[in-house]
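In: The following comprises the amino acid sequence and a computationally predicted model.
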Amino acid sequence: MPELPEVEAARRVLEHALDRRIVAVDDTDEWVCRPHRPGEIASVLLGGTLTAAHRRGKSMWCDTRDVHGEEGPALGLHLGMGGRIVVTDADGVRAGGDPRPDRAPRQAGWNRFTVRFDDGGELRLFDKRRLGRVRLDPDIDALGPDAEHITAAQLRERLGRSHAPLKARLLDQKVLAGVGNLLADETLWQARLSPSRPSDELDRSEVNRLHRSLRRALRAATANGGVHTGRVIEHRHADGTCPRCGAPMVHGTVGGRSTWWCGKEQG
DNA sequence: ACTCGTGTTAGCTG
DNA sequence: TCAGCTAACACGAG
């Protein structure tokens, strides 16, 4: 389920939907497409094309061109907790090397947003839980710097603004964009920092360590196929032990989210 | 059967 | 103003 590395993979799939003429749009899911009314998104896309696929943190958006070739509003896409982007060709074959069969016909009810192209292919947001989101001109500037590109200096300045627990700050998309619950636990474990440390109490070397750990965790997740491949992730359960020192993993709630940490190294 | 959760956000409370 | 809590979404896993 999607954090930054998974969303980047979805963005690459989205690139297969570019420069194809849009002939139909289903935007009738009023929850996923809120606050737009049914037909509103359709009316700006019909006859036009998507021209580029961007990502910042876990948010994606496509530039659009209307039927006259004029630039239109951006089409924002968010996967929520379990959404997937599916792009197909005329034969229903999925783009992006996804080997799983396309179950769209059988699971049509879980397609929350669909764009059909004149070549017969489709772009779909498939999302059982309806936590994904589609909207025009999403406010990307409300997000902090992308977690992949944030500098140590930016991170230091942003963490220094608040006394909230460190993990809560890492999860706050306005502080930096792209870190979810698993990536936060993995990053803090790698950096040997307590999730509940007041964010503004980290010294310079601790922030640098956190920054390096964030980059390492992101790189590894991208290379290995997702944040669930992080080293500490499989030890996030009762009876789990720290894969470095063997001490018991401790569980609690930090920043409103289920949190696991090494009781010895991250005390 | 029942609880929890890889996400976000509005609205409330202290 | 800030931090924390709840509800809303709806399903799978344990």
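Out: All right, it came through fine.

In: so what's the closest residue to DNA strand C within chain A up against?
Out: The nearest approach of chain A to DNA strand C comes at A:Ser162, 3.3 Å away (CB to the nearest atom of the strand). Glycine gets a C-beta too; all of them are placed from N, C-alpha and C. The contact partners of A:Ser162, by CB atoms under 8 Å, 6 or more residues apart in numbering, come to A:169, A:199-200.

In: Any idea which residue is closest to the centre of chain A?
Out: Central residue of chain A (CA atoms, centre = their mean): A:Lys58, 2.7 Å from the mean position.

In: on that earlier part again, so the residue of chain A closest to DNA strand C versus A:Ser199, what's the distance?
Out: A:Ser162 sits 5 Å away from A:Ser199, going by CB to CB, to the nearest Å.

In: Identify the contacts common to the two.
Out: A:Arg169.

In: mind listing the strands for the stretch 151-267 of chain A?
Out: A:249-254, A:257-262 (DSSP state E, counting those that start in this stretch).

In: Would you reformat these as CSV and include mean neighbour count, mean pLDDT and distance to A:Ala191?
Out: Listed next are those as CSV, based on neighbours: other CB atoms under 10 Å; pLDDT from 0 to 100; distance: least, CB to CB, whole Å:
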stretch, mean neighbour count, mean pLDDT, distance to A:Ala191
strand A:249-254, 16, 90, 15
strand A:257-262, 21, 92, 11
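
In: Nearest to DNA strand B among the ones you listed would be which one?
Out: Comparing the strands of the stretch 151-267 of chain A by their distance to DNA strand B (CB to the nearest atom of the strand), the top pick is strand A:257-262, with 2.8 Å.

In: What is the burial count for A:Glu148?
Out: Other residues lying near A:Glu148 total 19 when counted by other CB atoms under 10 Å.

In: Those residues of the stretch 101-250 of chain A touching DNA strand B, which are they?
Out: Residues of the stretch 101-250 of chain A lying close to DNA strand B by CB under 7 Å from any atom of the strand are A:131, A:171, A:173, A:180-182, A:226-228, A:236.

In: Just put these in JSON lines and tack on pLDDT.
Out: Formatted as JSON lines, these follow (pLDDT from 0 to 100):
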{"residue": "A:Leu131", "pLDDT": "89"}
{"residue": "A:Leu171", "pLDDT": "92"}
{"residue": "A:Gln173", "pLDDT": "91"}
{"residue": "A:Gly180", "pLDDT": "92"}
{"residue": "A:Asn181", "pLDDT": "92"}
{"residue": "A:Leu182", "pLDDT": "92"}
{"residue": "A:Gly226", "pLDDT": "89"}
{"residue": "A:Val227", "pLDDT": "91"}
{"residue": "A:His228", "pLDDT": "88"}
{"residue": "A:Arg236", "pLDDT": "90"}
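
In: between those, which has the most around it?
Out: Neighbour counts for these (other CB under 10 Å) peak at A:Val227, which has 27 neighbours.

In: Tell me what the nearest residue to A:Ile140 once chain neighbours are set aside is bridged to.
Out: Nearest residue to A:Ile140 in three dimensions, chain neighbours excluded: A:Arg56, at 5.5 Å (CB to CB, 6 or more residues apart in numbering). In this entry, A:Arg56 is beta-bridged to A:Ser59, by DSSP bridges.
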